[in-house]
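Undergrad: The sequence and its predicted three-dimensional model are supplied below.
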Amino acid sequence: MLYRLKTLIEHCLLVIISTLLAVMVVLMLWQVFTRYFLATPALFTEESLRFIMIWTGLLGTAYCFGTRQHLALELLPSMAPPPVRRALGVFNGLVTIGFAVATMFFGGWKASVSAMQQLSPIMQIPIGYVYLVLPIAAVLIVILIGIEIVGLITGQHETPSDAQEAM
């Protein structure tokens, strides 16, 4: 049941990230077209691209944590016996959750709330909406890593080092 939820979240994130990337391509092409062919650049595109890139990057971070495609040092776990690998995986997950909650969730929420009165120069939308992706990504990371930790503790999931050895 938990792995279905994890798979669903990862799939939804992938669809959202892919859509945002496609929107970025369209906006970039529109910006080039209006600048070089119409000689009047569309002003909203640069700001939109910047905001979409921020959302894509942070949602992509959550996706990478869920699918274990993030940068990781696997030297120590790969040399340890399986019980130690699981313990290191749980510890790593707890540290990641601690960072996501303390920095991304609370810090991002505070930044988002405090920036709601500040408007973007071109589109006049609250900058707090841009920062809102921090607590959203933090919640997604906590859920995905939490499911991973439950799987490691119950033995239903293997560590990355276990998966490499099985190959």
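TA: Okay, I see it.
Undergrad: any low-confidence regions in this protein?
TA: Scanning the chain for pLDDT under 70 picks out 157-167.
Undergrad: in it, which spans are helices?
TA: Per DSSP state H, the chain carries helices over the ranges 2-36, 43-67, 75-79, 82-99, 108-114, 127-131, 133-154, 160-166.
Undergrad: Select, out of these, the one closest to Pro121.
TA: helix 43-67 (7.2 Å; C-beta to C-beta). Every residue, glycine included, has its C-beta placed from N, CA and C.
Undergrad: For the closest one, which outside residues touch it?
TA: With contacts defined as C-beta atoms under 8 Å, 6 or more residues apart in numbering, helix 43-67 is touched by 6, 9-10, 13-14, 16-17, 20-21, 23-24, 27-28, 30-31, 34, 69-70, 96, 120-123, 130, 133-134, 136-137, 140-141, 144-145, 148.
Undergrad: Just the buried ones from those residues, in PyMOL syntax?
TA: If you want just the buried ones from the contacts of helix 43-67 in PyMOL, going by 16 or more other C-beta atoms under 10 Å, the selection is:
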select buried, resi 6+9+10+13+17+20+24+27+31+96+120+130+133+134+136+137+140+141+144+145+148
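Undergrad: I'd like to know how far Ser114 sits from Cys64.
TA: Separation of Ser114 from Cys64 (C-beta to C-beta, to the nearest Å) stands at 28 Å.
Undergrad: For these two, indicate the residue with more neighbours.
TA: Cys64 (16 against 12; other C-beta atoms under 10 Å).
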